[in-house]
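>>> give the three-dimensional model of this entry:
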Amino acid sequence: MRDRRCGALSSASVSRIAILIATLSVTVAPRAALAGMPSLTLTDLARMRLQSISFFLLLLLVSAVAVRFLWNGLRRDFSRLPRLTYGMSVILVSLWGMLFLLVLTMISGARELMTPGAWEKQGATYKLAKDDGKDRTVTEDMRRERLLQLKTRLWTYAAAHGGAFPADDAESASAAEAWETRDVSRARYVYVRGGKPDVGAEAIAYEPTVFYGPRFVLTSDGQIRTMRDEELQTMLAAAGGGR
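Alright, predicted model coming up:
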């Protein structure tokens with residue numbers, strides 16, 4: 001009697017599964033309707049999203065099986081480990097996936113902060129900004145010209161404020177673009193406060209470390225010079241001790 005009930009139950013379960021599969025097949029991938037009958041189909045975008053979700057869902061379930069197998073296999077050598085059920089394995093794999101997603105998001109955010117403007121959004125991902133065909137090589141003449149523009153603004157500001165430079169590089173009288181170098185990252189010049197125009201030969205502003213080799217330095221005598229890191233640090237140390 002018990003075997004007959006189990007057999008009947010198994011038959012009913014198989015029938016329900018078959019009906020469910022048939023229903024999904026008709027709903028997700030319907031055939032073209034005939035004789036004017038309505039036909040409901042998914043758009044290409046919705047179909048692609050459904051396929052992507054199905055793929056990752058299948059990958060999640062298969063990964064859960066593998067993790068459960070490996071975890072319970074370790075219990076042979078580490079008896080203190082609790083037995084991992086399939087449901088707990090799915091939860092564990094999901095948590096790992098969210099953790100990896102968080103780490104990747106932080107990496108992409110840090111990349112954008114370090115190189116602003118170098119990446120542009122394309123769908124859910126980012127790619128390098130398109131090249132407009134122009135030569136983006138930053139030459140020494142271009143770097144010198146940009147620093148010369150900053151010098152003009154600083155000296156103009158000092159002439160209008162009693163011979164004093166701005167208190168900092170965020171001074172409203174100086175445009176923010178003037179403090180940006182020609183590097184693709186738009187890194188800002190390093191501003192040295194306390195100097196006065198046409199007094200001595202102290203560093204007023206200099207290029208950051210995004211530029212390799214000698215860096216251009218604007219000094220208080222209005223000159224733009226190239227200095228190695230050792231020379232620049234010596235000048236800054238001497239100026240700091242004299243102020």
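>>> CA atoms for contacts and neighbours, from now on please.
Will do.
>>> and the helices in the protein, which stretches?
Per DSSP state H, the chain carries helices over the ranges 2-28, 44-74, 86-114, 140-160, 229-242.
>>> just give me the lowest mean pLDDT stretch among those.
The stretch with the lowest average pLDDT out of the helices of the chain is helix 2-28, scoring a mean of 51.
>>> got the domain boundaries for this protein?
With domains defined by automatic domain parsing, the chain comprises 15-28+41-128, 140-242.
>>> mind putting those domains in a markdown table, mean neighbour count included?
Formatted as a markdown table, the domains of the chain follow (neighbours: other C-alpha atoms under 10 Å):
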| stretch | mean neighbour count |
| --- | --- |
| domain 15-28+41-128 | 13 |
| domain 140-242 | 16 |
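>>> hmm, back to that, export the helices of the chain to TSV and tack on distance to residue 188?
Output for the helices of the chain, formatted as TSV (distance: least, C-alpha to C-alpha, whole Å):
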stretch	distance to residue 188
helix 2-28	55
helix 44-74	42
helix 86-114	12
helix 140-160	11
helix 229-242	17
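>>> tell me which of the ones you listed sits nearest to residue 198.
helix 140-160 (9.3 Å; C-alpha to C-alpha).
>>> got the phi and psi for residue 183?
phi -70, psi 150 (degrees, to the nearest 10).
>>> ignore what I typed, I meant residue 223.
Backbone torsions of residue 223, given as degrees, to the nearest 10, read phi -90, psi 150.
>>> how close does it sit to residue 85?
According to C-alpha to C-alpha, to the nearest Å, residue 223 stands 73 Å off from residue 85.
>>> likewise for residue 231?
From residue 231 to residue 85 the distance is 66 Å (C-alpha to C-alpha).
>>> now residue 180
57 Å.
>>> and residue 105, what does it touch?
The contact partners of residue 105, by C-alpha atoms under 8 Å, 6 or more residues apart in numbering, come to none.
>>> and it, how far is that from residue 99?
For residue 105, the distance to residue 99 equals 10 Å [C-alpha to C-alpha].
>>> next: residue 77.
Distance of residue 77 to residue 99, computed by C-alpha to C-alpha: 28 Å.
>>> quick check: the gap between the closest residue to residue 81 other than its chain neighbours and residue 92.
Spatial nearest neighbour of residue 81, excluding adjacent residues (C-alpha to C-alpha, 6 or more residues apart in numbering): residue 75 at 5.8 Å. In this view, residue 75 and residue 92 are 17 Å apart by C-alpha to C-alpha.
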